[in-house]
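Student: Attaching a predicted model along with its sequence, questions to come.
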Amino acid sequence: MYAPGKKIYFGCGNPNWGAAADGIYKIERRPQWSESGHTKTTFSFHKEVFSAPNILGVFAGHIHRNSVEVVNGKPQIITDDNASGAFLDVDFLPLEEKDSKLI
């Protein structure tokens, strides 16, 4: 997911995404990205994810390095690439009574 200020030219909702920023499509042997960039649907999806009241955070990937960004108060956590053996192990645990009183 695109995070404003992150110097990456791909990702869901990135306004810089498109053919002009796709210099490696021949090396990767794939079709070049769209001339017109992302669709309105993609931008709407990005906005919905980072404004949804029931989403606490985003786990994403594909930048091949660890990263954490906060967009609209929601953390986006990205792990390193799995080719280097990286993975992310996440546990969601219920709050203990003493901790739930802090919220």
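Tutor: Ah, there it is.
Student: can we go C-alpha only for contacts and neighbour counts from here?
Tutor: OK.
Student: shouldn't E35 be in contact with W17?
Tutor: No: taking contacts as Cα atoms under 8 Å, E35 lies outside contact range of W17: 9.1 Å.
Student: got any residues that touch both of those two?
Tutor: Shared contacts of E35 and W17 (Cα atoms under 8 Å, 6 or more residues apart in numbering): none.
Student: can you give me the strands in this structure?
Tutor: Taking DSSP state E, the strands of the chain run over residues 58-60, 67-71, 74-78.
Student: same for the second one, what does it pack against?
Tutor: Right, the one you point to is strand 67-71. Here strand 67-71 touches strand 74-78, going by 3 or more Cα pairs under 8 Å, 6 or more residues apart in numbering; DSSP states H and E.
Student: got the angle for the strand it packs on vs strand 67-71?
Tutor: 160 degrees (axes from the mean of the first three to the mean of the last three Cα atoms, to 10 degrees).
Student: which outside residues touch strand 74-78?
Tutor: Taking Cα under 8 Å, 6+ apart as the rule, strand 74-78 contacts 50, 55-61, 63, 65-70.
Student: Looking at those, which is nearest L95?
Tutor: L56 (15.0 Å; Cα to Cα).
Student: picking up where we left off before, quick one: buried ones out of the contacts of strand 74-78?
Tutor: Applying 16 or more other Cα atoms under 10 Å to the contacts of strand 74-78, the neighbour count classes F50, V58, G61, E69 as buried.
Student: buried ones in the longest helix belonging to the chain?
Tutor: Longest among the helix segments of the chain by residue count, using DSSP state H, is helix 40-51. Buried residues in helix 40-51, defined by neighbour count with 16+ other Cα under 10 Å: H46, V49, F50.
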